[in-house]
Each structure stands twice: as C-alpha cells, then as structure tokens.
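Colleague: Okay, predicted coordinates and the sequence, questions at the end:
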Amino acid sequence: MSLPFDPIDEAARQWEQRWAAVPAMHAVTSLMRVQQLVLANLDALLKPLGLSFARYEALVLLVFSSRGALPLGKMGERLQVHPTSVTSIVQRLEAAGLVTRHRDAVDGRIVLAEITEAGRALVEEATERLVGADFALGDLADDELRALSELLRPVRRAAGDYGP
C-alpha cells in the first residue's frame, strides 16, 4: 500500500509542533521502518529454504568458526541476542537437521552447536539468494552502503557492541 505522502515526514511535521529533536525522531523512525522492510524481504527470500534471517545468521556464525561448532553462550554473544533466543534458534536448526547439539568433551557443562553438512549446503544456497538480492538493499550503491555502516558505527560502539 503506497501512500501519496511520506508518513514519516508528516509525523515529523506534527512532532515539530509539539516537541524537540525532530531530526532524531525522523532518523530513528526511518531506521526502524527500513529495518522492518529489509527483514521482511530477507525472511521472504529465505522462507522457501525453511530459514529465517536469524537462523541463517546462526548457521553462518557456525560456518565461520574454525571447528564448525560453538558454545551456545558464545553464539549469543556474537549474534548479540538473549540466551533464550539462541536456544530457540538452535532447537529449530537441530529439528531441521542443520545442526547438532552435544556437550563439550572437555567441560560437560558447556553445550555446543555444531553445523551439519546439510547446514553447510543450505548456507551456500541461502547466501546465493541473499547476495543475488543485494541483501534487500539494492537501491543503495556500494559507497552509500559503506557510508551507512559508518554512520551507524558510533551508535553501536556507544551501546557496547564492541570496544574502542
């Protein structure tokens, strides 16, 4: 449903009559709307493969690990999600045969998620789809994408995503 006006511009116009920080309100509202749009597009691309973007990210993280396996706690840290979310993601991936869960041989208290060959193959297929669709950001040029990432870096750093 396309509107004949930009609803975020209209919200900013209304906001300005009542409160301050119009540029921040406009930017955050735009950012949140784009996040919704991009995530919906990514999930739609991955749905035929039985994946969501969150499950795809977990599989990619395991592909990137040297042994193809990581403790669930470390996965949560790196994916920057709550431990309950990691458990849910890994359970779904395990049910689909894309990962296995087992106790660490050295420290039995640690539960590892390990990617299967089927998981590795699915990551390749899913990545092809995402890259082919420019990760749903095809309306931006590479230099604009790099600039966007750099614009958001200070917010992520201030939130504690990573150190100085």
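Modeller: That came through fine.
Colleague: Off-centre distance for the top helix by length along the chain?
Modeller: Using DSSP state H to define each element, the chain has its longest helix at helix 22-46. Centroid separation for helix 22-46 versus its chain: 12 Å, with CA atoms, centre = their mean, to the nearest Å.
Colleague: name the helices or strands packed onto it?
Modeller: helix 7-16, helix 53-64, helix 117-132 (3 or more CB pairs under 8 Å, 6 or more residues apart in numbering; DSSP states H and E). In short, each C-beta sits where N, CA and C put it, glycine included.
Colleague: start to end distance for stretch 102-121?
Modeller: 21 Å (CA to CA, to the nearest Å).
Colleague: hang on, I meant stretch 151-164
Modeller: So stretch 151-164: terminal residues 16 Å apart, CA to CA.
Colleague: quick one: Arg101 is in a strand?
Modeller: Yes: going by DSSP: H, G, I helix; E, B strand; the rest coil, the assignment for Arg101 places it inside a strand.
Colleague: Show the contacting residues for it.
Modeller: Contacts here follow CB atoms under 8 Å, 6 or more residues apart in numbering; on that basis Arg101 touches 72, 90, 94, 111-114.
Colleague: So what touches the longest helix of the chain?
Modeller: Here helix 22-46 makes contact (CB under 8 Å, 6+ apart) with 8-9, 11-12, 15-16, 19, 52-53, 55-56, 126, 129-130, 133, 135-137.
Colleague: And those, which of them are buried?
Modeller: Among the contacts of helix 22-46, those classed as buried by 16 or more other CB atoms under 10 Å are 8, 12, 15, 52-53, 55-56, 126, 129-130, 136-137.
Colleague: wait, which of these is closest to Pro154?
Modeller: Of all those, Pro154 sits closest to Leu137, with 20.4 Å by CB to CB.
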